[in-house]
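S.K.: Pasting the sequence and the predicted coordinates here, then a few questions.
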Amino acid sequence: EGGRSYVEDNQWNLKVDYRLGHGDLGSTQIGLSGQYGSLKYTGGTAGVEDGSHQAYAAHVHGQYGNFDLKTELIRYEMNPPQEPDQDDLFTVMAGYNFPYKVANDATIYTAGLGYTVPVDFGAVSSFQFYYDYTYYDKAPSDWNDSIAHNLGVLTTAGPLYLYTDLVRTKNHPFVTPGDNYGQVLAEGSADWHTTLNLNIGVYF
């Protein structure tokens, strides 16, 4: 994309939270966090000034008996170094050696609710049923926002954790097939996708 090349440097992070106890009802954790850093230019035209990136968030985590509630509001901005006449609406990142665009200015809303059912089925000790929602609101009004609905159950058996998810998304990088992958977190599209996800982990 016209020689975009920069690295993160001099990053600072701060997080504060406070836990409120509610006796037998459970507890509520409230927190604020922030991040600031520079984006240093590493190639292309000489004389391009360094840029910056910053993010701010507020979160609430409630544990009430068998219920678990998580909510968070995130606001971020990236101001990367720009070559003359480059589009300043997105930054190029990469994963698994594949580049993709990310909106430079966005607000993210997330919420998740879970309910744990203890059981005694051989090695299986509990099921946690959960629903997670994410809305990724990109600043450009003509871009398609990203949305994710995640309905699933976590099965716990000793050190074995099995997540079974039914995922319904729009502009999600891991659920968008084909050539659209590179722009789902930027311009995006109006297409929805559904997938079944199985994740097995062993913790020790």
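M.R.: Received it, and whenever you're ready, just let me know what you need.

S.K.: ok now do His149, which residues does it touch?
M.R.: If you count contacts by CB atoms under 8 Å, 6 or more residues apart in numbering, His149 has them with Tyr131, Asp132, Tyr133, Val167, Arg168, Thr169. For the C-beta atoms, the positions are set from N, CA and C on the backbone; glycine is no exception.

S.K.: Format the residues you listed as JSON lines; extra columns: neighbour count and distance to Asn66.
M.R.: JSON lines is the format used below for these (neighbours: other CB atoms under 10 Å; distance: CB to CB, whole Å):
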{"residue": "Tyr131", "neighbour count": "13", "distance to Asn66": "15"}
{"residue": "Asp132", "neighbour count": "17", "distance to Asn66": "17"}
{"residue": "Tyr133", "neighbour count": "15", "distance to Asn66": "20"}
{"residue": "Val167", "neighbour count": "18", "distance to Asn66": "24"}
{"residue": "Arg168", "neighbour count": "15", "distance to Asn66": "25"}
{"residue": "Thr169", "neighbour count": "21", "distance to Asn66": "28"}
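
S.K.: What about these, which are in helices?
M.R.: Residues of the contacts of His149 located in helices (DSSP state H): none.

S.K.: Report the two of these separated the most.
M.R.: Tyr131 and Thr169 (13.7 Å; CB to CB).

S.K.: Check which strands are paired with the lowest-mean-pLDDT helix or strand in the chain and give the direction for each one.
M.R.: For the chain, the helix or strand with the lowest mean confidence is strand 90-95, at a mean of 84 (criterion: mean pLDDT, DSSP states H and E). Applying DSSP bridges, strand 90-95 is found paired with strand 98-103 (antiparallel).

S.K.: Quick one: residues in contact with the partner strand.
M.R.: Contacts of strand 98-103 (CB under 8 Å, 6+ apart): 78, 89-94, 138-140, 143, 173, 181-187.
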